[in-house]
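Visitor: After the sequence you'll find the predicted model.
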Amino acid sequence: MGTLNVYLESEEIITTAWSISGNRNKRWWFTSFDISRSKPYRVIFEGIRGNTSKSDIALDDIVLLPGSCGGSVLDCNFEAENCHWNINRQSYYAWTIIDGKTPSEKTGPSADHTSGSFGGHYVYLEGSGRKKGEKSYLFSMTVLLHSDACFTFWYHMYGGGMGTLSVYLVMENTTRKLWENSGNQQNVWRFGYLDITVSEPYMITFEGIRGQTSKSDIAVDDISLLSRSCNERVANVSKD
């Protein structure tokens with residue numbers, strides 16, 4: 001493997017914004033960096049071939065968004081345990097962090113969304129051994145943003161007996177359902193998003209409901225809370 005560089009060019013001056021070299025193993029990697037420029041600029045990718053033909057370099061899903069790359073306290077890909085998301089461990093039907101495939105056949109993902117690799121982690125509900133209609137909750141810490149926000153996540157709902165996944169906004173005196181999906185969504189990770197426009201502190205809660213049969217594993221990965229509208233975010237996200 002060789003080197004991948006990213007440059008910023010402005011007024012005929014080129015500066016290095018990011019660089020990486022060497023073998024990064026067989027997976028896609030995510031990176032981001034802030035750009036602070038008051039004048040027109042362009043972004044340049046430079047690929048440098050390495051020592052041998054085993055030096056293919058690839059790019060995908062390039063996005064330029066307003067604001068800082070700094071994430072919120074709720075951002076989580078479950079590689080560092082559960083981040084600031086709390087699992088209701090008093091319930092036997094509880095969200096569990098796992099890597100690889102879920103134990104059940106013909107339900108659940110075979111890999112996480114972040115890396116698509118066997119070693120990547122995500123959180124899920126196991127449908128086996130549970131009763132139809134059982135509920136489990138995954139809830140965030142309390143946050144207060146001084147602007148509208150876009151809450152995004154990736155979810156996996158594959159199985160012939162699939163149940164329901166919902167997202168609630170929980171405030172001091174009000175609980176509001178903002179998103180819901182039910183039934184078999186096929187064996188793919190799907191993108192979910194919703195706008196949040198409140199000025200008081202709130203928590204976000206995922207509710208998983210076990211479906212008709214054990215073929216009802218529900219999974220969530222790559223949660224993010226962004227200080228911008230979802231229109232800006234969704235316009236630049238690949239849903240494949």
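Guide: Received it, and whenever you're ready, just let me know what you need.

Visitor: Next up, identify which helix or strand Glu180 is on.
Guide: strand 175-182 (DSSP states H and E).

Visitor: I meant to write Asn231 there.
Guide: Per DSSP H and E: helix 230-234 holds Asn231.

Visitor: Ala219 too?
Guide: Counting by DSSP H and E, Ala219 is found in strand 218-226.

Visitor: Can you list the helices and strands that that strand packs against?
Guide: Judged by 3 or more CB pairs under 8 Å, 6 or more residues apart in numbering; DSSP states H and E, strand 218-226 is in contact with strand 121-125, strand 149-157, strand 203-209. From N, CA and C alone the C-beta is placed, and that goes for glycine too.

Visitor: Ala17 is nearest to which of the ones you listed?
Guide: strand 149-157 (24.7 Å; CB to CB).

Visitor: Can you dump the C-alpha atoms of that closest one in CSV for me?
Guide: Extracted C-alpha coordinates of strand 149-157, given in CSV (Å, rounded to 0.1, in the frame of the first residue of the first chain):
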residue,chain,number,x,y,z
ALA,A,149,-30.9,18.8,15.5
CYS,A,150,-30.9,15.8,13.2
PHE,A,151,-30.9,12.4,14.8
THR,A,152,-29.6,9.6,12.5
PHE,A,153,-29.0,5.9,13.0
TRP,A,154,-28.7,2.7,11.0
TYR,A,155,-31.0,-0.2,11.8
HIS,A,156,-31.4,-3.9,10.7
MET,A,157,-34.8,-5.7,10.9
